[in-house]
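Q: Sequence first, then the predicted structure:
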Amino acid sequence: MHGVVAAMRMGWMGIGALLCAGPALAAPVVMEDNLGVNASLLRGDVARLQAMTKVEGIIGELASAGYHRVRGDLVQSTRSARACMDALPGTPPNQAPIAGFLCESMLAGNALASGDIAGWATTMDGVRLRYQRDMAPAMPAGDEVVDVTRPRVERFRDWPRSTLPVTTPAADVVVSLQGVNELPSIELELRAGDVTRRERFIIDTGAPRSHLSRKLAAELGLEVVEDFMVAGIDDGEPTLAGLVRPVDLVIGGLRVQDVSFNSEAGRAFNLIGMDVLRALGPLLISKDALTVYGKGRTPPCTQRMAVTSSMLASTFQPRYMIRNGENARLMLVDTDFSGAFQVRGADVGEVPPEAVRRRNIITTRWSQDITYVPAEIEVTFNDAAETIQADVALQDADLLPFALRMGFGAVPTYALYLDVANGMGCTVKQPEPMLPAPPPRRAR
């Protein structure tokens, strides 16, 4: 960018391609379909999916399932996905293979996101059959969709439903938050049979599922059933999380029943992810507290957010809808990120060395030094114009790059409202801290 200075004012910057199909296992291969449904789910592209719902037949039903998934309505998304499957017999032969694979994958992803582990495992049998018969022969040699091929789904066909929703409390429930490595954590109680244990968990809005360390699972006497779902890629090979036998959580007196945690070998952090946050109902994450809203509590906004996901819901993340000038945009909300606001995937052109800064960013997976250029970006949160300070990162974009990311570093200024089950979410501007009054001047 010509004439960059240390603090620059920027318009909105474009995002690179979302989907890739590179060498085998160099990164997870995301099936790219000519209908654009995968891309729309990953981008949270409600407008495109809504336009596609007007197409008659299987395409319209598939788009409807994607539209409701992005809006957070898993029940309606599943209804549309089932209608999509019902429409398969009348689908033209040139559309049926990919449409059938996508419809059934959507069903499996909805089951996983809603805690129906057995339903996910059973549906994955059909997804795999369609993948091996219809998809794999057309893929480049060596490519693999590891979310389909690697989980040992036969081990989970009888799993009990996970993470049951809590009954809305009569009044607000406030649980104290503390910082752990600049990330938000709460203390909660785990109940496994006759064993009760209090432990601290980091709140991670970017995690589709909650996580329990192997050490804590062993101390609680909980079995971990291996090869549940792909958790990442390590040295070119997929790593799979196991699934922990169900345990109850008590958070501020609220009991979340039958939580089945993911558990990865070598990952020591205990996390509360989107599955438990969904079960808790409407809530607010502020600098010092997690507040679960009670009956009759008026929410701070009625603004819809988007949930971006992969077809099989191995990623499932909240993004707030904001505006930049005349453009509606999505902002990833990820409390497992110690920064405030960060932009990636932006073409900033040549940056003079004196404008570049360095900062250490912490998540529960890594600590990373990033190089960035400070910038001021004008955005609108909930109809209120704000100028925010953002780090325009000079590193390469991620597999699924995003325009703007909001981390826990921004929460002292903007609390986070989330109602995952109803697809609602927004920032809540916090009052400026009261500065202590200066001491009275002594008379001489």
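A: In hand now; what should we look at?
Q: Could you pick out the longest helix of this protein?
A: In the chain, assigned by DSSP state H, the helix with the most residues is helix 96-113.
Q: quick one, the helix or strand just after that one and helix 96-113 angle?
A: Using DSSP states H and E, the helix or strand that directly follows helix 96-113 along the chain is helix 117-130. Helix 117-130 and helix 96-113 meet at an angle of 160 degrees, taking axes from the mean of the first three to the mean of the last three C-alpha atoms, to 10 degrees as the criterion.
Q: for helix 117-130, packing partners?
A: With contacts taken as 3 or more C-beta pairs under 8 Å, 6 or more residues apart in numbering; DSSP states H and E, helix 117-130 sits against helix 96-113, helix 146-149. Glycine gets a C-beta too; all of them are placed from N, C-alpha and C.
Q: re earlier: relative to the whole chain's centre, how far out is the longest helix of the chain?
A: Helix 96-113 sits 19 Å away from the centroid of its parent chain (C-alpha atoms, centre = their mean, to the nearest Å).
Q: Run a quick neighbour tally on residue 191.
A: 15 (other C-beta atoms under 10 Å).
Q: Revised request: answer the last question for residue 160.
A: Residue 160: 14 neighbours (other C-beta under 10 Å).
Q: looking at it, it is touching residue 245, isn't it?
A: No - judged on C-beta atoms under 8 Å, residue 160 makes no contact with residue 245 at a distance of 9.2 Å.
Q: what is in contact with the two at once?
A: Residues touching both residue 160 and residue 245 (C-beta atoms under 8 Å, 6 or more residues apart in numbering) are residue 260.
Q: Look at the most centrally placed residue in the chain and give its secondary structure.
A: Geometric centre of the chain, nearest residue: residue 317, 1.7 Å, by C-alpha atoms, centre = their mean. At residue 317, secondary structure determined by DSSP: H, G, I helix; E, B strand; the rest coil is strand.
Q: Name the residues linked to it by a beta bridge.
A: Listed by DSSP bridges, the beta-bridge partners for residue 317 are residue 308.
Q: That one against residue 208, yeah?
A: Yes - using C-beta under 8 Å, residue 317 is in contact with residue 208, at 7.3 Å.
Q: Mind listing the shared neighbours of these two?
A: Residues touching both residue 317 and residue 208 (C-beta under 8 Å, 6+ apart) are 274, 309.
Q: mind checking the end-to-end distance for stretch 301-314?
A: By C-alpha to C-alpha, to the nearest Å, the extent of stretch 301-314 from end to end equals 29 Å.
Q: List the buried residues in it.
A: 301, 303-314 (16 or more other C-beta atoms under 10 Å).
Q: Work out the gap between that stretch and the centre of the chain.
A: Counting by C-alpha atoms, centre = their mean, stretch 301-314 comes out at 7 Å from the chain centroid.
Q: What segments of the stretch 1-150 of the chain are helices?
A: Assigned by DSSP state H, counting those that start in this stretch, the helices in the stretch 1-150 of the chain fall at 37-43, 46-52, 58-70, 74-86, 96-113, 117-130, 146-149.
Q: After the helix or strand containing residue 196, which helix or strand is next?
A: Element membership for residue 196 (DSSP H and E) is strand 195-203. Beyond strand 195-203 on the C-terminal side, the first helix or strand identified by DSSP H and E is helix 214-219.
Q: can you list contacts of that next one?
A: By C-beta under 8 Å, 6+ apart, the residues outside helix 214-219 that reach it are 197, 199, 223-224, 244, 261, 263-265, 268, 270.
Q: what mean pLDDT would you report for that helix?
A: Average pLDDT, helix 214-219: 96.
Q: and it, how far from the chain's centre?
A: Helix 214-219 has its C-alpha centroid displaced from the chain centroid by 25 Å (C-alpha atoms, centre = their mean).
Q: how about that helix: buried residues?
A: 214, 216-217.
Q: Same question for stretch 256-275.
A: Of all the residues in stretch 256-275, those buried under the rule 16+ other C-beta under 10 Å are 256-264, 267, 269-275.
Q: Could you do stretch 176-186 as well?
A: Buried-residue list, stretch 176-186, by 16+ other C-beta under 10 Å: 177, 183-186.
Q: mind saving the C-alpha coords of it as CSV?
A: Only the C-alpha atoms of stretch 176-186 are listed here, as CSV (Å, rounded to 0.1, in the frame of the first residue of the first chain):
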residue,chain,number,x,y,z
SER,A,176,-16.7,-15.1,37.8
LEU,A,177,-14.1,-15.0,35.0
GLN,A,178,-10.4,-15.0,35.5
GLY,A,179,-7.5,-14.7,33.0
VAL,A,180,-5.3,-17.7,32.2
ASN,A,181,-2.5,-16.8,29.8
GLU,A,182,-4.6,-13.7,28.7
LEU,A,183,-7.6,-16.0,27.9
PRO,A,184,-10.9,-16.2,29.8
SER,A,185,-11.5,-19.0,32.3
ILE,A,186,-14.2,-20.2,34.7
